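Asks: Sharing a model that was predicted from the sequence below.
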Amino acid sequence: MNKRILALTLTAIFGAAVNAAPAPVADVSSGSTESRLTTLERLFNTRTAQQHRVQEQLDLLQNEVNELRGSIEKHNYQLERILERQRELYLEIDKRIAAVMTQNGSGPTDEFDQTNQVSQPNPQTSLNEDQAYDKAVNLILKDKLYDDAIPEFQSFLQNFPNSSYASNAHYWLGQLLFNKQDWAAAANQFETLMNQFPDSSKRADAMLKLGICEQERSNIARAEQLWKKVLAEYPTSSARKLAEIKLNAVK
């Protein structure tokens with residue numbers, strides 16, 4: 001009897017436990033999933049919004065970097081051009097100083113030179129190679145008389161065609177004519193320098209400007225050929241960058 005009652009009691013308790021347990025477990029499980037989904041959805045939305053903001057900031061920074069890079073490249077090119085001009089001026093000054101020192105060391109005195117020049121009816125023909133070149137260069141660097149310098153360089157090249165200054169004289173004369181937009185005459189000087197003075201420090205720039213002269217004369221194919229030649233023969237020169245710009249502009 002007691003065993004039977006105990007068995008029924010245990011059965012009833014077990015059955016009640018079995019019937020009662022699923023309800024709270026199901027409720028808790030359902031509520032937890034929804035909470036987790038809500039939390040995950042909120043986190044996902046927050047993270048997505050943050051990623052959008054970060055991407056916008058990255059795009060903005062990239063645009064600023066591109067602008068800065070372009071500005072730096074432009075300034076670097078301008079600086080290289082300035083340095084190139086300074087180097088040319090320094091070379092001219094060095095040659096002038098060397099010429100003066102040579103004259104003072106082995107040539108006649110200044111007093112004699114002045115007397116001799118005054119006594120000559122035609123001073124131009126009395127100038128030696130160094131003096132004639134210095135006179136022409138001074139008209140550019142010192143006096144800024146660019147038109148007057150043209151006949152001086154022409155006379156120098158006629159009187160001293162084999163001078164060590166001949167390549168520089170062709171370059172200066174070509175540059176003066178280039179500035180006057182006398183494209184044919186300028187092209188003749190630059191082409192002479194390019195063909196006859198392969199070791200000249202001004203050959204790359206002369207080749208570049210010869211291409212510009214040809215472009216101005218509507219010889220586009222010849223201009224492109226010259227600029228490509230600058231790229232091939234002078235890949236590290238300042239003239240190379242401008243030649244590349246000119247090539248891209250005519251494409």
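Replies: Cool, the structure landed.
Asks: Mind pulling up the pLDDT for Leu6?
Replies: On pLDDT, Leu6 comes in at 44.
Asks: do the same with Thr39
Replies: Thr39 carries a pLDDT value of 77.
Asks: again with Gly31
Replies: At Gly31, the predicted lDDT confidence score is 55.
Asks: Can you mark which positions in stretch 217-225 are buried?
Replies: 219, 222-224 (16 or more other CB atoms under 10 Å). Quick note: C-beta positions are derived from backbone N, CA and C, even for glycine.
Asks: Same question for stretch 238-248.
Replies: 238-243, 246-247.
Asks: try stretch 194-213
Replies: In stretch 194-213, residues buried by neighbour count (16+ other CB under 10 Å) are 194, 197, 200, 202-213.
Asks: Farthest pair within those?
Replies: Phe197 and Ile212 (19.2 Å; CB to CB).
Asks: re the thing from before, and the buried residues of stretch 217-225, which is closest to Val54?
Replies: Nearest to Val54 out of the buried residues of stretch 217-225 is Glu224 (CB to CB; 45.6 Å).
Asks: Name the helix or strand for that closest one, please.
Replies: Assessed by DSSP states H and E, Glu224 sits inside helix 220-233.
Asks: Just want the angle from the helix or strand that that helix is followed by to helix 220-233.
Replies: Next along the chain after helix 220-233, taking DSSP H and E as the criterion, comes helix 238-250. Angle between the axes of helix 238-250 and helix 220-233 is 140 degrees (criterion: axes from the mean of the first three to the mean of the last three CA atoms, to 10 degrees).
Asks: who are the neighbours of helix 238-250, in terms of helices and strands?
Replies: In terms of contacts (3 or more CB pairs under 8 Å, 6 or more residues apart in numbering; DSSP states H and E), helix 238-250 is packed against helix 22-106, helix 203-216, helix 220-233.
Asks: Against Asn219, how distant is Leu141?
Replies: 32 Å (CB to CB, to the nearest Å).
Asks: Also Asp130?
Replies: Taken as CB to CB, the span from Asp130 to Asn219 is 37 Å.
Asks: same thing with Leu226?
Replies: 10 Å.
Asks: same check, this time on Lys142
Replies: 36 Å.
Asks: can you check Gln131 too?
Replies: 38 Å.
Asks: do the same with Leu145
Replies: 32 Å.
Asks: can you check Ile140 too?
Replies: 28 Å.
Asks: Next one: Ser35, what pLDDT does it get?
Replies: At Ser35, the pLDDT value in this model is 75.
Asks: Over to Ile93?
Replies: 52.
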